[in-house]
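Novice: Coordinates only, no sequence provided:
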């Protein structure tokens with residue numbers, strides 16, 4: 001099970017930190033990722049992190065503004081989002097991949113999903 005939190009309504013230029021707590025699986029051996037989905041659009045890759053936390057991957061649209069991190073002792077993955085833009089408005093989902101390396105960019109690369117948390121950025 002994955003449970004996200006931290007979404008909300010902010011203004012352009014503000015920051016938010018999303019959290020996702022995992023349970024029921026060996027969190028520390030899974031790669032973790034964040035995806036987002038806008039209305040009537042496909043789920044889009046945002047960022048991923050290797051099981052060990054030593055490597056991170058980002059989409060071009062968020063590189064330099066968002067940071068993914070994890071705390072395996074707390075079974076938690078984070079997404080720090082800075083300098084938010086209206087186009088970042090979406091439902092954000094965390095996902096887990098037993099492969100561990102975080103190379104997947106497609107939704108079907110990931111086995112477990114959270115319920116999502118809404119992020120709304122006003123201009």
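Specialist: Received the coordinates, thanks. Since the structure is predicted, the reported quantities are computational estimates derived from the model, not experimental observations.

Novice: Can you pull up the most central residue in the protein?
Specialist: The residue lying closest to the centre of the chain (C-alpha atoms, centre = their mean) is residue 34, at 2.1 Å.

Novice: Before we move on, what's the pLDDT of that residue?
Specialist: Per-residue pLDDT puts residue 34 at 98.

Novice: Pull the contacting residues for it.
Specialist: 18, 20, 46, 47, 48, 68, 77, 79, 92, 93, 94, 95 (C-beta atoms under 8 Å, 6 or more residues apart in numbering). Yep, even glycine has a C-beta here, placed from its N, CA and C like the rest.

Novice: Turn those residues into CSV, including secondary structure.
Specialist: CSV is the format used below for the contacts of residue 34 (DSSP: H, G, I helix; E, B strand; the rest coil):
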residue, secondary structure
18, strand
20, strand
46, strand
47, strand
48, strand
68, strand
77, strand
79, strand
92, strand
93, strand
94, strand
95, strand
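
Novice: which of those residues has the most neighbours?
Specialist: Neighbour counts for these, by other C-beta atoms under 10 Å, peak at residue 77, which reaches 31 neighbours.

Novice: Dig out what it forms beta bridges with.
Specialist: Counting by DSSP bridges, residue 77 is bridged to residue 20, residue 70.

Novice: do residue 37 as well
Specialist: Under the criterion used (DSSP bridges), residue 37 bridges to residue 91.

Novice: and if you look at residue 56?
Specialist: Beta-bridge partners of residue 56, as defined by DSSP bridges: residue 49.

Novice: Tell me if I'm right that it and residue 62 touch.
Specialist: No: if you go by C-beta atoms under 8 Å, residue 56 and residue 62 don't touch, sitting 11.2 Å apart.

Novice: Now do the shared contacts for the two.
Specialist: Joint contacts of residue 56 and residue 62 (C-beta under 8 Å, 6+ apart) are residue 47.

Novice: which non-adjacent residue is nearest the residue nearest to the centre of the chain?
Specialist: The spatially closest residue to residue 34, leaving aside those adjacent along the chain, is residue 46, at 4.3 Å (C-beta to C-beta, 6 or more residues apart in numbering).
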